[in-house]
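Visitor: Return a 3D structure for these sequence lines:
(chains A, B, C and D)
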Number of protein chains: 2
Amino acid sequence: MKRPTLLHVAQKAGVSRATASLVVRGSSLVSAATRKRVEAAMVELGYVYNLGAAGMRASRSRTVGVIVPDLTNPFFAVLLAGIEAALETAGLAVVLANSNENVEKQNGFIRRMREHGVDGLIVCPAEGTEKALVEDAARWGMPLVQALRFVRDTVSDYAGTDYRGGMLEATNHLIALGHRRIAFINGNREHSGRTDRLEGFLAAMDGGGLEPLFVLELQLTHRAARAAALEIMHRPDPPTALICFNDVVGLGLHRGLCDLGVEIGRDVSLVGFDDVAEADLIRPALASVATEPFKVGQSAARLLLRRISEPDAEFRHEIEPTRFVLRRSCGPAPSQA
Amino acid sequence: MKRPTLLHVAQKAGVSRATASLVVRGSSLVSAATRKRVEAAMVELGYVYNLGAAGMRASRSRTVGVIVPDLTNPFFAVLLAGIEAALETAGLAVVLANSNENVEKQNGFIRRMREHGVDGLIVCPAEGTEKALVEDAARWGMPLVQALRFVRDTVSDYAGTDYRGGMLEATNHLIALGHRRIAFINGNREHSGRTDRLEGFLAAMDGGGLEPLFVLELQLTHRAARAAALEIMHRPDPPTALICFNDVVGLGLHRGLCDLGVEIGRDVSLVGFDDVAEADLIRPALASVATEPFKVGQSAARLLLRRISEPDAEFRHEIEPTRFVLRRSCGPAPSQA
DNA sequence: CTGAAAGCGCTTACAG
DNA sequence: CTGAAAGCGCTTACAG
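Guide: So this is what the prediction gives:
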């Protein structure tokens, strides 16, 4: 009933424990014949390598901590899938935690991950995360990569998406279509992804010699966006184009505008962000900015692997480019009356 | 630079290592004064508990392996969120793996999880998983819970959703609306979730004295479903109602039917499954069957915790009920010509 | 290419 | 309430 150990394997194979250990780790110091014998013994006994014991001696766990702010958001789920895929290729397991945008929970998880002895940490910092996240990790000698969000004024590896460039491109597109009264419908979460997007929007407007019509902040739910349509369109000077923080807002607004009888793509143009599958299912289809969370995840994992093996390498930021996807929700600005 | 150990803490506090160990574990055998001294020493040294070393001695890792078939599917992501939430409350960390519906990868992950010494396993069996999954776990004494899918003819704990009941209710609803020519648009993945749904559909049809018009199997993508609309509606005897494996199929068909100029809810009724957020955003809104993956995840975690603490408890199946959500995509059967 | 010894950081009885 | 000793299952030098 008890799990066999390397010692049992060694005895059965008639070698010492050290030799058996070399076999498990695939060392070339062992003769083929001995290896065969040891491997046969392992199979026969149903031996399972004990990574915990091995890690204790070698002081690594072959384990990486990943902390995301919201697993139910498909965007983070896909990011996680990318991280997992790349890490698993390297033989590292993911220890997962969901901070729920709560910095204290996040800190608790980081502590627990340290107790588990993870070899490194990938964190999408929860809203309100402070510099201490990065400074502490450096002090502990814990390899750390920030993903998708970057705590201001910190120094660490980072894998993200070009929020700024994506918004810039989308806004430029609207300007080229002749729109002048363009509003930005932002999220209400305080993190770098939000700032970067707003910056991209403002830069494009500025480049076109335009003033933003207004910037509205919404809760990031379909419901809130849908409800906001009325307020947005009933302003004295309504926008001819709306550019949204993400597709959740974009899809919600789409529905809200339809409810109001507004014809999207003619009366008002609408652009989302993320290019979720549903953007292409509704009618008129929602123009959006495609990001690649899976790739961002892979790149975060690669950065961490590099940091683990070269603790003193220069810090790197890998920014995945975005791609504007034009669809029917965007049309030329209505001719002025 | 080196991480302080319990021995350092003990020396600094002037106690033995065993006493320090009692303090870390919150034992009541230590006097308040001693506890204070030890805790102060821990803070001062920046001591971090080493769960790996502790687990090795106590032979548990405070870690649970979770294997899902597809992280990019929001349904599994939310399931995972539920598992994580419940496990984290109990102080257990999740070691995550994504099988990609690949049984061999799944087996590889299970082996690795054993090497990591997880205290238990929650698995959504990949398509084609055999009984060995459950039998092996039993032989190893590894606590195992199956989630969302159940390998036929196995005996283990299980947390799932009432696929059968949900389909039964939805189909009955269509029958009550006067539909007779009802088709089932199934997925092409071989697992219990698919069989259960089909069973529910067939049972309802049988109960209504009806023959299924036909059962179609599709790849589970928006694209495939969208493309299938033409074939479905151009049959000699087209359906008046379609009931879909899930909302991916439902949303794709919705779009495909719109493309054909079919008026959904009047010419043909359409029902999805899962009730994703987008079902309520498209027009006409898609009737669907709401499931609760987060709750299923929580219940899977609870079952596992119970199995870990009571290895010999009777096996339990917890089936979360579903809820039919009527929307405009469903209407009375068109009157016969 | 293989073996004997020490040690990774903790917990577990067992004494006192 | 506290301490000395053994051991969890491995790896790491060091010899040979």
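Visitor: Make sure residue A:322 is actually in contact with residue A:162.
Guide: Yes - applying CB atoms under 8 Å as the test, residue A:322 and residue A:162 come out as touching, 5.1 Å apart. From N, CA and C alone the C-beta is placed, and that goes for glycine too.
Visitor: who's more crowded, those two?
Guide: Neighbours around residue A:322 and residue A:162, counted as other CB atoms under 10 Å in any protein chain shown, are more numerous at residue A:322. The numbers are 25 against 18.
Visitor: Could you pull out the strands in the stretch 101-250 of chain A for me?
Guide: For the stretch 101-250 of chain A, the strands defined by DSSP state E, counting those that start in this stretch occupy A:120-123, A:144-147, A:157-161, A:182-187, A:214-218, A:241-244.
Visitor: Quick one: residues in contact with the first one.
Guide: Residues lying outside strand A:120-123 but in contact with it, judged by CB atoms under 8 Å, 6 or more residues apart in numbering or on different chains, are A:64-67, A:83, A:106, A:110, A:113, A:133, A:137, A:142-147, A:300-301, A:304, A:307-308.
Visitor: Show me the residue of the stretch 151-300 of chain A that gets nearest to DNA strand D, please.
Guide: residue A:157 (25.6 Å; CB to the nearest atom of the strand).
Visitor: Correct me if wrong: that residue contacts residue A:305.
Guide: No - counting by CB under 8 Å, residue A:305 is not a contact partner of residue A:157; they are 10.6 Å apart.
Visitor: the more surrounded of these two?
Guide: Set residue A:157 next to residue A:305 and count neighbours by other CB under 10 Å: residue A:157 wins out with 24 against 20.
Visitor: That one and residue A:132, how far apart?
Guide: Using CB to CB, to the nearest Å, we find residue A:157 at a distance of 17 Å from residue A:132.
Visitor: before we move on, what about residue A:69?
Guide: 17 Å.
Visitor: Could you do residue A:280 as well?
Guide: 42 Å.
Visitor: swap in residue A:290?
Guide: 34 Å.
Visitor: Also residue A:116?
Guide: 20 Å.
Visitor: what about the helices in chain A?
Guide: Using DSSP state H, the helices of chain A run over residues A:6-13, A:17-24, A:32-45, A:51-58, A:74-89, A:103-116, A:132-140, A:163-176, A:192-207, A:222-233, A:247-259, A:293-309.
Visitor: Quick one: mean pLDDT for the third one?
Guide: When you say that, I think you mean helix A:32-45. Across helix A:32-45, pLDDT averages out at 90.
Visitor: Comparing residue A:69 and residue A:132, which residue is more hemmed in?
Guide: residue A:69 (24 against 13).
Visitor: Kindly state the pLDDT recorded for the residue positioned nearest the centre of chain A?
Guide: With distances taken as CA atoms, centre = their mean, the residue of chain A nearest its centroid is residue A:79 (4.2 Å). You'll see residue A:79 listed with a pLDDT of 97.
Visitor: Check the burial of the nearest residue to residue A:174 once chain neighbours are set aside by counting its neighbours.
Guide: With CB to CB, 6 or more residues apart in numbering or on different chains as the criterion, residue A:174 has its nearest non-adjacent residue at 4.6 Å, and that residue is residue A:241. When counting by other CB under 10 Å, one arrives at 26 neighbours for residue A:241.
Visitor: partners of residue A:241 in the sheet?
Guide: When bridges are called by DSSP bridges, residue A:241 pairs up with residue A:182, residue A:269.
Visitor: what residues are up against it?
Guide: Contacts of residue A:241 by CB under 8 Å, 6+ apart are A:174, A:177, A:179, A:181-183, A:268-271, A:330, A:333.
Visitor: Looking at the helices of chain A, which is nearest to residue B:245?
Guide: With CB to CB as the criterion, residue B:245 lies closest to helix A:74-89 of the helices of chain A, at 19.2 Å.
Visitor: Any residue of that closest one touching chain B?
Guide: Yes - Helix A:74-89 is in contact with chain B by CB under 8 Å from any CB of the partner chain, via A:74, A:77-78, A:80-81, A:84-85, A:88.
Visitor: from the chain's centre, how far out does that helix sit?
Guide: 8 Å (CA atoms, centre = their mean, to the nearest Å).
Visitor: Same check on stretch A:243-253?
Guide: Relative to its chain's centre, stretch A:243-253 lies at 19 Å (CA atoms, centre = their mean).
Visitor: now stretch A:248-260
Guide: Per CA atoms, centre = their mean, the centroid offset for stretch A:248-260 relative to its chain is 26 Å.
Visitor: Stretch A:186-194 now?
Guide: 14 Å.
Visitor: ok, residues contacting that stretch?
Guide: The set of residues external to stretch A:186-194 that reach it, using CB under 8 Å, 6+ apart, is A:101, A:125, A:127-129, A:148-152, A:160-161, A:163, A:197-198, A:215-220, A:245-246, A:249.
Visitor: Just the buried ones out of the residues you listed, please.
Guide: If you count burial by 16 or more other CB atoms under 10 Å in any protein chain shown, the buried members of the contacts of stretch A:186-194 come out as A:101, A:125, A:127, A:129, A:148-151, A:160-161, A:163, A:197-198, A:216, A:218, A:220, A:245-246, A:249.
Visitor: Next up, the contacts around the residue lying closest to residue A:113 once chain neighbours are set aside.
Guide: The spatial neighbour of residue A:113 that comes closest, neighbours along the chain excluded (CB to CB, 6+ apart), is residue A:65 at 3.5 Å. The neighbourhood of residue A:65, defined by CB under 8 Å, 6+ apart, consists of A:95, A:97, A:109-110, A:113, A:116, A:118, A:120-122.
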